[in-house]
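Participant: pasted the sequence and its predicted model underneath.
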Amino acid sequence: MSGSGGRSTGRGGAGYAANSYRTNALVLRTYKLGEADRIIVLLTPGHGQIRAVAKGVRRTTSKFGATLEPFMLSRLQLVRGRNLDIITQAESVTPYGQWIAQDYDAYSAASAMVETAERLTVSDIGEVGERGEPPRPDGRVEAPSQYRLLHGALAALARGAHAPRLLLHSYLLRSLATAGWAASFTTCSKCGAPGPHRSVNVTLGGSVCDDCRPPGSATPAPATVELLAALQSGRWEVADAAPDQARREAAGIVSGYLQFHLERHLKSLSVMDQSP
C-alpha cells in the first residue's frame with residue numbers, strides 16, 4: 001500500500017492501518033470514473049477538501065447505496081492513496097440530499113452552495129495547509145469554518161427553515177467572509193463612515209458613502225441594503241420580511257460580489273438566476 005507521498009508503508013496490515021482514517025464528510029460533487037467507479041469530492045471538518053475514489057459505486061449491488069450522493073452527510077473510512085484516497089466504508093449520518101431533492105429551489109440553492117464550497121476550499125487557491133486545507137487570503141486555514149457553514153446551510157435547506165434563495169445568499173456572503181472577503185453593508189467599505197449608505201460597489205466591498213462613491217456604483221433600494229446586511233448577520237426576522245424587489249436586487253449584488261472574488265460565474269448559480 002502506498003501513502004500519499006508515494007512511499008512504501010511497510011508490512012501489509014500495519015501499512016493499511018497507518019494510512020486509514022475516518023471522518024464525517026459532506027458530499028460536494030461526483031464524477032464518473034471507468035465503468036463502475038466514481039470520484040467523490042468531499043468537504044470534511046478536519047482534512048479540508050478530499051477527492052476520493054468509490055469503487056463499484058455505480059453498480060446496483062454497491063454497498064455504498066445513496067451515502068455518496070451530493071449533499072449527503074456521511075461517516076467514511078478512507079485509505080490515503082498516491083493521488084486519490086479510496087473510500088472503503090460509508091454510512092449515512094444525515095440524508096440531507098434525499099430531503100433537498102424533493103424541492104427544486106432547495107436543490108438549486110444546494111447546488112450553488114456546494115459549488116461555492118468546492119471552489120473556496122480547493123487547494124489551487126494558494127499554498128496548502130498542514131492537513132491539506134487551503135488558506136484564506138490572509139494566510140489562515142479556515143476549512144473547519146467552511147465545513148460548519150455549509151453543514152448549517154444544507155440542514156436549514158433540508159428542513160425548510162427559510163426561503164431557499166435567502167438561505168443561499170446568506171450562505172454566499174458568510175462563506176466569502178470566512179474566506180477573508182467580508183462585505184460591509186452597514187458602514188462605508190472604504191472609509192468606514194457609519195451608514196446606511198445609498199450606494200453599493202462590489203469591487204470596493206459593499207456600501208460606499210457619497211464621498212467615496214466611484215462612478216458606476218449601484219444605487220439599490222434602502223430595503224435591499226437592509227436585506228443584505230440582515231443576510232450577512234443572520235437577522236432572519238428582517239430577511240424573511242423583505243419584499244420581492246429587495247430580494248431580486250440583493251441576489252444580483254451577491255452574485256456579482258461572488259463572481260468578482262472567485263473570478264468566475266458559477267454554473268449552478270446561473271441556472272438559479274434564470275428560474276422564475
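Facilitator: On my side now, so go ahead.
Participant: show residues contacting the helix or strand harbouring residue 32.
Facilitator: In the assignment (DSSP states H and E), residue 32 maps to strand 20-33. For strand 20-33, contacts defined as C-beta atoms under 8 Å, 6 or more residues apart in numbering pick out 38-47, 49-50, 53, 58, 68-80, 88, 93, 97, 114-115, 117-118, 147, 150-151, 154. Placement of C-beta: from N, CA and C, glycine included.
Participant: filter these down to just the ones in helices.
Facilitator: Mapping the contacts of strand 20-33 onto helices (DSSP state H) picks out 97, 114-115, 117-118, 147, 150-151, 154.
Participant: stretch 43-58 spans what distance, first to last residue?
Facilitator: This stretch, stretch 43-58, spans 21 Å end to end (C-alpha to C-alpha, to the nearest Å).
Participant: any idea of the mean pLDDT for that stretch?
Facilitator: Across stretch 43-58, the average pLDDT comes to 95.
Participant: that older thread, from the contacts of strand 20-33, keep the buried residues only.
Facilitator: For the contacts of strand 20-33, a burial check counting by 16 or more other C-beta atoms under 10 Å picks out 38, 40-45, 47, 49-50, 53, 58, 68-74, 76, 78-80, 88, 97, 114-115, 117-118, 147, 150-151, 154.
Participant: next up, the contacts around residue 183.
Facilitator: Neighbours of residue 183 in contact, by C-beta under 8 Å, 6+ apart: 173, 176-177, 189, 205-206, 228, 232, 257.
Participant: any idea which element the closest residue to residue 197 other than its chain neighbours lies in?
Facilitator: Excluding its sequence neighbours, the residue lying closest to residue 197 (C-beta to C-beta, 6 or more residues apart in numbering) is residue 207, at 4.3 Å. Taking DSSP H and E as the criterion, residue 207 maps to strand 206-208.
Participant: what do you get for residue 246?
Facilitator: Assigned by DSSP H and E, residue 246 falls in helix 244-262.
Participant: in that helix, what counts as buried?
Facilitator: By neighbour count on 16+ other C-beta under 10 Å, the buried set for helix 244-262 is 246-247, 249-251, 253-255, 257-258, 261-262.
Participant: can you give me the distance of residue 161 to residue 229?
Facilitator: Going from residue 161 to residue 229 by C-beta to C-beta, to the nearest Å gives 19 Å.
Participant: my bad, should have said residue 256
Facilitator: Distance of residue 256 to residue 229, given as C-beta to C-beta: 17 Å.
Participant: gap between the two ends of stretch 185-192?
Facilitator: 10 Å.
Participant: quick one: average confidence on that stretch?
Facilitator: Mean predicted lDDT for stretch 185-192 stands at 97.
Participant: what lies in contact with it?
Facilitator: 183, 193-197, 200-201, 204-209, 211-212, 225, 228-229, 232.
Participant: 7 Å - rerun?
Facilitator: Residues outside stretch 185-192 that contact it (C-beta atoms under 7 Å, 6 or more residues apart in numbering) are 193-197, 204-209, 212, 225, 228-229, 232.
Participant: and what of stretch 37-48?
Facilitator: 23-33, 49-58, 68, 84, 87, 117-118, 121, 131-134, 143-144, 146-147, 150.
Participant: what about 6 Å?
Facilitator: Stretch 37-48 is contacted by residues 23, 25-26, 28-31, 33, 49-55, 57, 68, 117, 121, 131-133, 143-144, 147 when judged by C-beta atoms under 6 Å, 6 or more residues apart in numbering.
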